[in-house]
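# Pasting a predicted model and its sequence here:
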Amino acid sequence: MKIIDLNEKTKAELLDNLLRRSPANYTEYENTVAEIIRNVREGKDKALFEYTEKFDHTKMDAAHIRVQPQEILAAYDSLDPELIRVMKKSAENIRIFHEKQKRNSWIETKDDGSILGQRIIPIEISGVYVPGGKAAYPSSVLMNVIPAKVAGVRRIIMTTPPQKDGSINPGTLAAADIAGVTEIYKVGGAQAIAAMAFGTESVPKVDKITGPGNIFVALAKKPVLVMSVLIPLQGRVKFW
């Protein structure tokens, strides 16, 4: 937790920081994000691994980008059992809440022979982005993955930036396992959004992307959505 003593100087600093976050000042990032998206869409894994080395300072390849079962087991072993218990309880509470929101298919036949109805089916594959570093919160995993599981999505992939040694935050891994993530990939930033939107040799293309992220992740979602709609062969992607 960050505690700030409010005075004229700190208030001015906070205001300046908020103003610098204005969308009007995002132009300097947009060109960088657009280049990353273009390179990943065209270069696929090659571009993905180059950006991982550049931004996350770790070498990555097709053999190591996907988290293996033994890494998840090691994550459990490194965590406090009480934290694991709390995450499981939280997951159950989240599941119960979202079960109440489920919508059901229905069909109705009228006397004149007309048929009215609504069929609700889950999307095939959903992607979840989870921040790393200081923003590696297990709650982000639980709150994004469990609603998809409740909705019936069978394949849920997660991308999250690796640490310098190529590992993933153990709390994030345990939360992903508890929530029911199908596959976890060690990739972060705008390049992860591009990979999930268009697919690479290692990361599958998804139908929907959720999850929080920094300014680069947020800006990557908008152009990727536009390109997905304008280029039908690349698929259609939804974000929230």
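Yes, it's here.
# residues contacting Ile121?
Residues near Ile121 by C-beta atoms under 8 Å, 6 or more residues apart in numbering: Ser105, Gly152. For glycine as for every other residue, the C-beta is placed from the backbone atoms N, C-alpha and C.
# I meant to write Ile4 there.
Each residue near Ile4 by C-beta under 8 Å, 6+ apart is listed here: Thr10, Leu14.
# Numbering from 46 from now on, please.
Yes, from this point I'll number from 46; that puts the last item at Ile49.
# can you tell me how far it sits from Leu63?
13 Å (C-beta to C-beta, to the nearest Å).
# Asp106 too?
The gap separating Asp106 from Leu63 is 41 Å, by C-beta to C-beta.
# what do you get for Ser184?
Separation of Ser184 from Leu63 (C-beta to C-beta): 24 Å.
# What of Pro126?
From Pro126 to Leu63 the distance is 41 Å (C-beta to C-beta).
# for this structure, what spans make up the helices?
53-65, 72-88, 90-101, 114-123, 126-144, 183-196, 215-224, 234-243, 260-275 (DSSP state H).
# okay, those helices in a markdown table with mean neighbour count next?
Converted to a markdown table, those look like this (neighbours: other C-beta atoms under 10 Å):
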| stretch | mean neighbour count |
| --- | --- |
| helix 53-65 | 10 |
| helix 72-88 | 16 |
| helix 90-101 | 18 |
| helix 114-123 | 13 |
| helix 126-144 | 14 |
| helix 183-196 | 22 |
| helix 215-224 | 23 |
| helix 234-243 | 29 |
| helix 260-275 | 18 |
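# Columns mean pLDDT and distance to Lys250 on top of the ones you listed, output as a markdown table?
Listed next are the helices of the chain as a markdown table, based on pLDDT from 0 to 100; distance: least, C-beta to C-beta, whole Å:
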| stretch | mean pLDDT | distance to Lys250 |
| --- | --- | --- |
| helix 53-65 | 79 | 34 |
| helix 72-88 | 90 | 11 |
| helix 90-101 | 96 | 13 |
| helix 114-123 | 97 | 24 |
| helix 126-144 | 97 | 25 |
| helix 183-196 | 95 | 16 |
| helix 215-224 | 97 | 20 |
| helix 234-243 | 95 | 6 |
| helix 260-275 | 71 | 9 |
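# Tell me which of the ones you listed lies nearest to Gln163.
Closest of the helices of the chain to Gln163 is helix 183-196, at 15.1 Å (criterion: C-beta to C-beta).
# circling back: export the helices of the chain to TSV and tack on distance to Pro207?
Converted to TSV, the helices of the chain look like this (distance: least, C-beta to C-beta, whole Å):
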stretch	distance to Pro207
helix 53-65	28
helix 72-88	16
helix 90-101	6
helix 114-123	11
helix 126-144	21
helix 183-196	16
helix 215-224	11
helix 234-243	11
helix 260-275	15
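# Of these, which is nearest Thr205?
Going by C-beta to C-beta, the one of the helices of the chain nearest Thr205 is helix 215-224, 5.8 Å.
# Would you mind giving the orientation angle of that closest one with respect to helix 183-196?
Orientation of helix 215-224 against helix 183-196 (axes from the mean of the first three to the mean of the last three C-alpha atoms, to 10 degrees) gives an angle of 20 degrees.
# Give me the contact list for helix 215-224.
112, 116-117, 119-121, 123-124, 128-129, 132-133, 136, 175, 177, 181-184, 186-187, 190-191, 194, 203, 205, 229.
# can you do 6 Å?
Contact with helix 215-224 is made by 117, 120-121, 123-124, 132-133, 136, 175, 181, 183, 186-187, 190-191, 203, 205, 229, as judged by C-beta atoms under 6 Å, 6 or more residues apart in numbering.
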